[in-house]
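**Student:** Turn this into a model:
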Amino acid sequence: MKHLYRTASLGVALALFTALTPALADSTATVGGLVNKGLVGVGRIPAAQRDKFGETFGSGSGMAIDTSGWTHDAAGYKGSLWLLPDRGYNVVGTTDYRPRLNTIGIEFAPVAPGAAPAAGQEQTGVKATLADTMLLTDDKGADATGLDPLNGVRAASDDMPILPQADNGKLALDNEAIVRLPDGSMFISDEYGPNIYRFSADGHLLSATQPPAALVPMRHGAPNFASDNPGSGAAEPDPKDPDTGRQNNQGLEGMAMTPDGKFLIAVLQSATRQDGGDSGSTRQNTRALVYDASDLGHLKLAHEYVAPLPVFKDAKGKTKIAAQSEIVALSDKTFLMLTRDSGNGQGLKGDTSLVRQIFVVDVSAATDIAGGAFDAADKPLAPKGVLDPSVTPAKLTPFIDINDSAELGRFGLHNGAPNDKNNLSEKWEAMSVVSVLDPKLPDDYFLFVANDNDFLAQDGFQVGAPYKAEDGADVDTMFLVYQVTLPGLTKK
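**Tutor:** As a prediction, this is how the structure comes out:
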């Protein structure tokens, strides 16, 4: 990002964290000095929005706020952020959608924590305007694609590892998280590899980092990056799911740079196949990879931890595991982690989400498994979801409950029926923080959270063809903004 923070030690405060409990965090939760003061703003970008290429706008799989240009005056706040879409509209299969990055202009007029917006102004606190769109290309300058890399593996060359490649020969990307660096270049993580890519400021691929072998999807003893989302007329992969490695569509969903700029943290959306990731009820033990970022072109795995995901009961009483969707690093030992359930929200048949929650993850007492036996594909660390007794996982503590009815209600929103435009959509997948710029509150920040609307629109257009989302779905891109206290973070 164009901002880096210096982080004081949070170890003493975080040592006071309570153990994970079923209780959800309330709107004024305090966790080891970290405080959630509640929701202070909401905004939308209409589902009908199109980018400068004439295609339906893709929303928030990843987000990075440009804090260097963030300003505050009597009228409120102004600035910009980068919003990263994933692989395009793919309800009936993936398409040759060109990966891209959107620049969004922001005007923000927050309400005071706990206050109610003026009548009729509940969802206008965040004015978000699409300012520009930039395509991402491979290292040769050729277009990339959102198509599922069903059987394609681009051979390693120079400093590049093997990469996912679609049948049309293009680099296949399913982008999920972004970190913008001071020089304008950026790290982007993806689902397919699951890899971490570094792109130049103008969107040209510079380098790629492959995760440990345990995370690389394998079929029939060879890397195979398919996600079982074939394009029109294409066959499904054989087998549909990998034998080991990341589960289909469960790649490096969350990624963030530590405030001191020394480490890049990336977290798998849920457990690998061999670690219980083959079932929604056993996928709890996912992995957090901590890379030494001193050489931006050659990330080096420094630490690796097990990050447990929250367990809950669905409406039928069945045990489920929520997946993680994004992180914000507080230090190399602590980060915020956004988790959610699936299948419920505006645009879907299910209406009520059971888990949309942000946790604080503390790895200070967790076992570091980097470079050990569990990084090999043939040594599960949690067979059938049962964690090896030699491994101590990170500690998870509830911080923000996005589904909090009282908080949502102040802004005309809700979780559950009626399943209308004010019901939250399913996929909340992007987070980023920026200072409130108040000398009286030097540790206070705005935490922006955005959804991935899956490009669900009634007048959609992508890859040269119109489309209409099923069941009348017309889902806006939305921003929820919380005011939080994060002690120890100060601007460089």
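
**Student:** can you pull up the bridge partners for the residue most central in space within the chain?
**Tutor:** Residue closest to the mean C-alpha point of the chain, counted by C-alpha atoms, centre = their mean, is Glu326 at 3.1 Å. Note on Glu326: beta-bridge partners by DSSP bridges are Leu338.

**Student:** So it is in contact with Ser189, correct?
**Tutor:** No: Glu326 is beyond contact range of Ser189, at 10.2 Å (criterion: C-beta atoms under 8 Å). All C-beta atoms are positioned from the backbone trio N, CA, C, and that covers glycine.

**Student:** intersection of neighbour lists for the two?
**Tutor:** Counting by C-beta atoms under 8 Å, 6 or more residues apart in numbering, the shared contacts of Glu326 and Ser189 are 62, 177, 253-254.

**Student:** nearest to Met134, of those?
**Tutor:** Of all the shared contacts of Glu326 and Ser189, Gly62 has the smallest distance to Met134: 14.0 Å, by C-beta to C-beta.

**Student:** Give me the nearest residue to the closest one, chain neighbours excluded.
**Tutor:** Distance criterion C-beta to C-beta, 6 or more residues apart in numbering; nearest residue to Gly62, sequence neighbours excluded, is Leu84 at 3.6 Å.

**Student:** Against Thr133, how distant is the one you found?
**Tutor:** 11 Å (C-beta to C-beta, to the nearest Å).

**Student:** again with Thr485
**Tutor:** 35 Å.

**Student:** Which parts of the stretch 351-492 of the chain are helices?
**Tutor:** Along the stretch 351-492 of the chain, the segments classed as helices by DSSP state H, counting those that start in this stretch run 405-409.

**Student:** what ranges of it fall below the confidence cut-off?
**Tutor:** 490-492 (pLDDT under 70).

**Student:** Mind doing that once more with 50?
**Tutor:** 491-492 (pLDDT under 50).

**Student:** again, but for the chain
**Tutor:** Scanning the chain for pLDDT under 50 picks out 1-27, 491-492.

**Student:** ok, Ala271 to Val360 distance?
**Tutor:** Between Ala271 and Val360 the distance is 20 Å, computed by C-beta to C-beta.

**Student:** Apart from its chain neighbours, what residue comes closest to Ala376?
**Tutor:** Excluding the flanking residues, the one nearest Ala376 by C-beta to C-beta, 6+ apart is Ala213, at 5.6 Å.

**Student:** What is the burial count for that neighbour?
**Tutor:** Residues near Ala213, counting by other C-beta atoms under 10 Å, number 15.

**Student:** re earlier: identify the residues contacting the residue nearest to the centre of the chain.
**Tutor:** Contacts of Glu326 by C-beta under 8 Å, 6+ apart are 62-63, 177, 253-254, 337-338, 429-431.

**Student:** So which of these belong to strands?
**Tutor:** Using DSSP state E, the subset of the contacts of Glu326 located in strands is 62-63, 177, 253-254, 337-338, 429-431.

**Student:** Neighbour count added to those residues, as TSV?
**Tutor:** Converted to TSV, these look like this (neighbours: other C-beta atoms under 10 Å):
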residue	neighbour count
Gly62	31
Met63	24
Ala177	28
Glu253	29
Gly254	31
Met337	26
Leu338	26
Glu429	27
Ala430	28
Met431	27
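
**Student:** In CSV, list the residues you listed along with distance to Glu122.
**Tutor:** Shown next, in CSV, are these (distance: C-beta to C-beta, whole Å):
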residue, distance to Glu122
Gly62, 27
Met63, 22
Ala177, 29
Glu253, 30
Gly254, 29
Met337, 28
Leu338, 23
Glu429, 23
Ala430, 21
Met431, 22
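
**Student:** picking that back up, neighbour count: Ala271 and Val360, which is higher?
**Tutor:** Shown here are Ala271 and Val360; by other C-beta under 10 Å, Ala271 has more neighbours (31 against 24).

**Student:** sec struct for the more buried one, please.
**Tutor:** In three-state terms, and counting by DSSP: H, G, I helix; E, B strand; the rest coil, Ala271 is coil.

**Student:** ranges for the strands of the stretch 201-350 of the chain?
**Tutor:** Secondary structure of the stretch 201-350 of the chain (DSSP state E, counting those that start in this stretch): strands located at 205-209, 218-219, 222-223, 252-257, 263-268, 285-292, 300-308, 311-313, 319-321, 323-329, 334-340.

**Student:** Reformat the ones you listed as TSV; add distance to Ser68.
**Tutor:** Listed next are the strands of the stretch 201-350 of the chain as TSV, based on distance: least, C-beta to C-beta, whole Å:
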stretch	distance to Ser68
strand 205-209	22
strand 218-219	42
strand 222-223	39
strand 252-257	15
strand 263-268	20
strand 285-292	24
strand 300-308	27
strand 311-313	39
strand 319-321	38
strand 323-329	18
strand 334-340	22
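
**Student:** Lys37 is nearest to which of those?
**Tutor:** Lys37 sits nearest to strand 334-340 of all the strands of the stretch 201-350 of the chain, at 14.7 Å, using C-beta to C-beta.

**Student:** Tell me how many other residues crowd Val361.
**Tutor:** Other residues within reach of Val361 by the criterion other C-beta under 10 Å amount to 28.

**Student:** can you check Lys262 too?
**Tutor:** Quick note: Lys262 (other C-beta under 10 Å) scores 17 neighbours.

**Student:** shouldn't the residue nearest to Ala376 be in contact with Lys379?
**Tutor:** No: the pair Ala213 and Lys379 does not pass the contact test of C-beta under 8 Å, sitting 9.8 Å apart.

**Student:** Asp351: neighbour count?
**Tutor:** Residues lying near Asp351 (other C-beta under 10 Å) number 17.

**Student:** ok, Leu84 and Thr133, which is more surrounded?
**Tutor:** Leu84 (27 against 19).

**Student:** Tell me which residues touch the more buried one, please.
**Tutor:** 60-64, 101-102, 175-178, 188, 430.

**Student:** Leaving out sequence neighbours, find the closest residue to Phe57.
**Tutor:** Closest to Phe57 by C-beta to C-beta, 6+ apart is Gln49, at 4.0 Å.
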